[in-house]
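In: Would you be able to build a 3D model of this:
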Amino acid sequence: MLAKLSLILGGASSGKSAFAETLVVNSGAPRVYVATAQAFDDEMRNKIAAHLAMRGDQWRTVETALGAADALAEVAQDEVVLLDCATMWLSNHLLADSDLELETQSLLLALENCLGRVVVVSNEVGLDVVPDNALARRFRDAQGKLNQQIAARADLVALVVAGLPITLKGAFS
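Out: Numbers count the residues shown, from 1 in each chain. The predicted structure is shown next:
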C-alpha cells in the first residue's frame, strides 16, 4: 500500500518524476496529477504537451502554478495525487512575491488534510555550489526548508539518483 504522504527527491533529470509516476500507477487508485509548471516559452509548452500525452487519459490533470493547496483540497479519498513539483510551486511563489511562509504553511496543511494519498516530487538543491546571487540563495534556502518540512511529515522519503531510488525514510510496499 502506498504511503499516505511520500516525498520523492532528486536532482534535475534524475528520474524522480518517472519514479513518482510509477508509485502512483502501481497503487491502482484513480490518479490526479497536480502540475505546477508554467509555459513561458515554446520549449516548456512542448515539454508540458509531451507529458500530458504520455500520461494519457488515465490521469485527471490539474494545472496550477500557485494553487497546489486548493487542488489538494479537491482530491477524493480513493484518489492518489502526484504533485509535480514542489520546486516549481516554490519558484512560482517566489517570483510572484508571495508570502512564502504563509504559502508554505498552507501547502503543508493541505498535504496533512488531503483525503487521498499524495506523492510530492521536489528537487534536492543542496548538493550544488553556493549560488552567486541573492535571489538564487534565497530560493535554495527556501527549497531546502520546504523539503525538510515535507520530509518530516512524510511516511516515505526517497532520493532518486540516476533513475535509482534510495530510501531515506519508510519503506516501499
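In: For residue 72, give me its contacts.
Out: By CB atoms under 8 Å, 6 or more residues apart in numbering, the residues touching residue 72 are 34, 81, 83, 107, 110, 111, 113, 114, 118. C-beta here means a position set from N, CA and C on the backbone, and glycine is covered the same way.
In: how about the second one, secondary structure?
Out: Under DSSP: H, G, I helix; E, B strand; the rest coil, the three-state class of residue 81 is strand.
In: Surely it touches residue 118?
Out: Yes: counting by CB atoms under 8 Å, residue 81 does reach residue 118; the two are 5.1 Å apart.
In: residue ranges for the strands of this protein, please.
Out: Using DSSP state E, the strands assigned to the chain run over residues 5-10, 31-35, 59-63, 80-84, 117-123, 156-161, 164-169.
In: Kindly reformat these as JSON lines containing mean neighbour count, mean pLDDT and distance to residue 52.
Out: Formatted as JSON lines, the strands of the chain follow (neighbours: other CB atoms under 10 Å; pLDDT from 0 to 100; distance: least, CB to CB, whole Å):
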{"stretch": "strand 5-10", "mean neighbour count": "26", "mean pLDDT": "98", "distance to residue 52": "20"}
{"stretch": "strand 31-35", "mean neighbour count": "22", "mean pLDDT": "97", "distance to residue 52": "8"}
{"stretch": "strand 59-63", "mean neighbour count": "17", "mean pLDDT": "95", "distance to residue 52": "7"}
{"stretch": "strand 80-84", "mean neighbour count": "26", "mean pLDDT": "98", "distance to residue 52": "12"}
{"stretch": "strand 117-123", "mean neighbour count": "25", "mean pLDDT": "98", "distance to residue 52": "16"}
{"stretch": "strand 156-161", "mean neighbour count": "20", "mean pLDDT": "98", "distance to residue 52": "22"}
{"stretch": "strand 164-169", "mean neighbour count": "14", "mean pLDDT": "97", "distance to residue 52": "25"}
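In: Output the ones you listed in JSON lines; the columns should cover distance to residue 141.
Out: Listed next are those as JSON lines, based on distance: least, CB to CB, whole Å:
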{"stretch": "strand 5-10", "distance to residue 141": "16"}
{"stretch": "strand 31-35", "distance to residue 141": "24"}
{"stretch": "strand 59-63", "distance to residue 141": "27"}
{"stretch": "strand 80-84", "distance to residue 141": "21"}
{"stretch": "strand 117-123", "distance to residue 141": "14"}
{"stretch": "strand 156-161", "distance to residue 141": "19"}
{"stretch": "strand 164-169", "distance to residue 141": "20"}
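In: And the ones you listed: which comes nearest residue 145?
Out: Closest approach to residue 145 among the strands of the chain is made by strand 117-123 (11.6 Å; CB to CB).
In: Looking at the strands of the chain, which is nearest to residue 43?
Out: When the strands of the chain are ranked by proximity to residue 43, the top entry is strand 31-35, at 16.1 Å, counting by CB to CB.
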